[in-house]
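Novice: sharing a model that was predicted from the sequence below.
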Amino acid sequence: MKKLVAYITSGYPEKSFSIDLALALGQNGVDTLELGVPFSDPVADGPLIEKANHLSLENGFKFEHLREISKAVAPHVDTLWMGYFNSFYQQDMSKLIPFANEIGVNGLIIPDLPHEEALSYADLFNSNNVANISFVAPTDTKERIKEVVSVSQKFIYMVAYTGITGSGVAEDLQPFLGSIKEYTQTPVYVGFGVNAKTAKDKVEGADGVIVGSAFIDILLKENLNYSQKIKECSNLAKIIKNEINS
C-alpha cells in the first residue's frame with residue numbers, strides 16, 4: 001500500500017479548524033500529516049502555501065498554537081512538523097525535539113537545513129526517536145545522494161523537480177528514483193507538484209506521495225465554509241489515495 005502524506009498550514013484559518021481538518025484527513029486516507037509552521041519567507045513553497053502562511057501569521061499564529069494542535073492530533077495521526085529552520089531554532093532544539101517525542105510528533109521536515117548542518121543535530125534526533133527527514137533533488141550527484149540517504153529515517157523526501165511546491169512541472173522521475181533506490185531501502189516519497197491528476201504518474205516506482213498545494217488551494221477558497229473545506233479536503237485525500245494504489 002503506497003502512502004499519502006498531506007501538508008496543511010497550522011493555524012489557518014484558525015487553530016481549532018486545523019485540529020478538525022487534521023483528524024478528518026487521518027480518517028480519509030492520509031497516512032502521515034505534515035503540520036506546516038507558518039513562516040514569513042517560505043522559500044521552497046509556491047504562492048498558495050506562501051499565502052496561507054502569511055494569512056496564518058496575520059491571524060496571530062504563535063508557535064504555542066503548533067504545540068496545542070500537535071497534542072490534539074499526534075495521538076491519532078502520524079504527525080510531522082514541516083517548517084524553516086529559524087522557526088525551530090528559536091524554540092531551542094535541545095528542548096523542542098524531546099518535547100516533540102513526548103507528544104508523539106515523529107519527525108521534522110526542514111527544507112532550508114543543509115545536510116551537513118543537520119548532521120550536528122543527529123544525536124539529538126536519534127536519542128529522542130524523532131526523524132529528521134532527508135531531501136534529495138534532481139540536481140544532486142550520485143555521490144551526494146548516497147551520502148544523504150545513508151542517514152535517512154522514516155522516508156526520503158524526493159523533490160520531483162527543481163523549483164517551488166505547486167508548480168506542477170512534469171519530469172521523468174524514473175532515472176532519479178532509480179539512483180536513490182540504488183543506495184537505500186528507506187521508503188521514497190515524491191513531493192512537489194503532486195495532485196489528483198498527477199499522483200498516479202508521480203508515484204510510479206516510489207513508495208508514496210506528498211501533497212500540499214492541492215489541499216491549501218481548497219482552504220483558500222472564500223466561498224466555502226469550514227465544514228465544506230474539510231469535506232472537500234477529505235474527498236481529495238480519498239481520491240489521491242485511491243489513485244496511487246490503483
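Specialist: Noted; the coordinates are in hand.

Novice: residue 202 - nearest residue in space that isn't next to it in sequence?
Specialist: Among residues not flanking residue 202 along the chain, residue 190 sits closest, at 4.7 Å (Cβ to Cβ, 6 or more residues apart in numbering). Every residue, glycine included, has its C-beta placed from N, CA and C.

Novice: over to the most centrally placed residue in the chain: give its phi and psi.
Specialist: Centroid-nearest residue in the chain: residue 34, 4.1 Å away (criterion: Cα atoms, centre = their mean). Here is the backbone geometry of residue 34 (degrees, to the nearest 10): phi -100, psi 110.

Novice: against residue 227, how distant is it?
Specialist: Residue 34 sits at a distance of 23 Å from residue 227 (criterion: Cβ to Cβ, to the nearest Å).

Novice: test my guess that the residue nearest to residue 202 contacts residue 204.
Specialist: No. Contact criterion Cβ atoms under 8 Å: residue 190 and residue 204 do not qualify, at 9.0 Å.

Novice: those two - which one has more neighbours?
Specialist: Taking neighbours as other Cβ atoms under 10 Å, residue 190 and residue 204 compare with residue 190 leading, 29 against 12.

Novice: all strands for the protein, in order.
Specialist: Assigned by DSSP state E, the strands in the chain fall at 3-9, 32-36, 78-82, 105-109, 131-132, 134-136, 156-159, 188-191, 208-211.

Novice: which helices and strands sit right next to the first one?
Specialist: The elements that strand 3-9 packs onto, with contact taken as 3 or more Cβ pairs under 8 Å, 6 or more residues apart in numbering; DSSP states H and E, are helix 15-26, strand 32-36, helix 47-58, strand 188-191, strand 208-211, helix 213-219, helix 226-244.

Novice: weakest of those by average pLDDT?
Specialist: Sorting the helices and strands packed on strand 3-9 by mean pLDDT places helix 47-58 lowest, at a mean of 92.
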